[in-house]
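[1] got a structure for you, letters missing:
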């Protein structure tokens, strides 16, 4: 459709328009799909454009940029913000540090709608403030409104497709077991590793305690950490099946619920996750993690997959642990780039 430039305000440009300024510039000044504004009239005339080919929007149609913005707005939950749409794309960024959660089932349903794309980073990834975590794209220049309405309906019936859950500054207790460490035959190097991992997620260390290979002492130390206010406890050492490995039994006797002893993640097969309760509380809400020896000398293990979810106050279930089998095998790269790698994805 051809119209005078003065009559084109608010309409959609049907093709690219090139501007030439001798010895200064030659290139596309206005791209196909651009919505003409009043400020553009004089510029267009200076380019020799007194008439334009425009696309007329029907009542049941949306411009690509508006559609992309509606798509992104419908999908996001807490902890996110949007950039302005450009070329039918909107970027979705984290407004806070936290755990990225993606509703993958709804994500697939959205992408099944022809002409619409929503692409995200992996769920359960720790992201930083202002980090780009997802993006939208609308394929056609003009799209039917009912497709965006379908997206909005999907999102209204589900929790947010994309959200960033803040990490809580948990009070963390650490217990290092093993008679060789307790009696100072060898130096403890495990405690420092666990403290660093907790602090990296914003945790505050309540205390680091030690216990020999004595089941009752291990139980007493765990209970002591709970009494000291620990909201999460990591217990290292004694997680295998040797005669002196008593940590799993001690944890089992204290716990109200044992989620798993053993995980389908390598490294980290002998990992244990259980929940206990604080005095005066009925709910078992203190996670107790039995961390196998690989947690001391391997940079990334199952512990690194589970910890962020616990710091986001998510209850990790047996099914959650089983799901880690897919992608739970560490490639053992010479240079570790986790989390930008397949591990845990």
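    Now that the structure is in, tell me what you want to look at. For clarity, every value in this text was computed on a predicted model and none was experimentally measured. Numbers count the residues shown, from 1 in each chain.

[2] any regions of the stretch 151-300 of the chain where pLDDT drops low?
    Across the stretch 151-300 of the chain, the stretches falling below the confidence threshold (pLDDT under 70) are 243-244.

[3] residue ranges for the strands of it, please.
    Under the criterion DSSP state E, counting those that start in this stretch, strands of the stretch 151-300 of the chain are mapped to 162-166, 171-177, 204-211, 232-236, 257-261, 272-276, 286-291.

[4] in TSV, list these along with mean neighbour count and distance to residue 331.
    No exception for glycine: its C-beta is placed from N, CA and C like everyone else's. Conversion of these to TSV gives the following (neighbours: other C-beta atoms under 10 Å; distance: least, C-beta to C-beta, whole Å):
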stretch	mean neighbour count	distance to residue 331
strand 162-166	22	27
strand 171-177	26	29
strand 204-211	19	31
strand 232-236	26	25
strand 257-261	17	24
strand 272-276	21	24
strand 286-291	26	21
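
[5] could you dump those to JSON lines with distance to residue 300?
    Output for the strands of the stretch 151-300 of the chain, formatted as JSON lines (distance: least, C-beta to C-beta, whole Å):
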{"stretch": "strand 162-166", "distance to residue 300": "21"}
{"stretch": "strand 171-177", "distance to residue 300": "19"}
{"stretch": "strand 204-211", "distance to residue 300": "21"}
{"stretch": "strand 232-236", "distance to residue 300": "16"}
{"stretch": "strand 257-261", "distance to residue 300": "19"}
{"stretch": "strand 272-276", "distance to residue 300": "17"}
{"stretch": "strand 286-291", "distance to residue 300": "13"}
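
[6] closest to residue 312 out of these?
    Comparing the strands of the stretch 151-300 of the chain against residue 312 with C-beta to C-beta, the closest turns out to be strand 162-166 (4.3 Å).

[7] what packs against the closest one?
    Taking 3 or more C-beta pairs under 8 Å, 6 or more residues apart in numbering; DSSP states H and E as contact, the helices and strands that strand 162-166 lies on are strand 80-82, strand 98-102, strand 132-138.

[8] at 10 Å instead, please
    Taking 3 or more C-beta pairs under 10 Å, 6 or more residues apart in numbering; DSSP states H and E as the contact definition, the neighbouring helices and strands of strand 162-166 are helix 64-75, strand 80-82, strand 89-94, strand 98-102, strand 125-127, strand 132-138, helix 302-311.

[9] ok, residue 233 - contacts?
    Neighbouring residues of residue 233 by C-beta atoms under 10 Å, 6 or more residues apart in numbering: 171-175, 206, 209, 221-223, 225-226, 251, 254, 274, 276, 286-290.

[10] for residue 87, what are phi and psi?
    phi 50, psi 40 (degrees, to the nearest 10).

[11] that one and residue 329, how far apart?
    When distance is defined by C-beta to C-beta, to the nearest Å, residue 87 is 39 Å away from residue 329.

[12] with residue 250 instead?
    Relative to residue 329, residue 250 is positioned 29 Å away (criterion: C-beta to C-beta).

[13] please say which of those two ends up with more neighbours.
    Counting neighbours by other C-beta atoms under 10 Å for residue 250 and for residue 329 shows that residue 250 has the greater number, 25 against 14.

[14] the more buried one and residue 259: what is the separation?
    Remark: distance between residue 250 and residue 259 (C-beta to C-beta) = 16 Å.

[15] re the thing from before, so which of the helices and strands packed on strand 162-166 is nearest residue 324?
    With respect to residue 324, and counting by C-beta to C-beta, the nearest of the helices and strands packed on strand 162-166 is helix 302-311 at 5.9 Å.

[16] neighbouring contacts of the next helix or strand along the chain from that closest one?
    Remark: after helix 302-311, the chain's next helix or strand is helix 318-323, criterion DSSP states H and E. Surrounding helix 318-323, the residues in contact under the criterion C-beta under 10 Å, 6+ apart are 124, 257-260, 262-265, 271, 273, 302, 305-306, 309, 314, 317, 328.

[17] ok now helix 318-323, how far from the chain's centre?
    Mean-position distance between helix 318-323 and its chain equals 17 Å (C-alpha atoms, centre = their mean, to the nearest Å).

[18] same thing with stretch 309-328?
    Its chain's average C-alpha position is 13 Å from that of stretch 309-328, according to C-alpha atoms, centre = their mean.

[19] hang on, the earlier thing: which one of the strands of the stretch 151-300 of the chain lies closest to residue 337?
    For residue 337, the closest of the strands of the stretch 151-300 of the chain is strand 162-166, at 21.6 Å, according to C-beta to C-beta.
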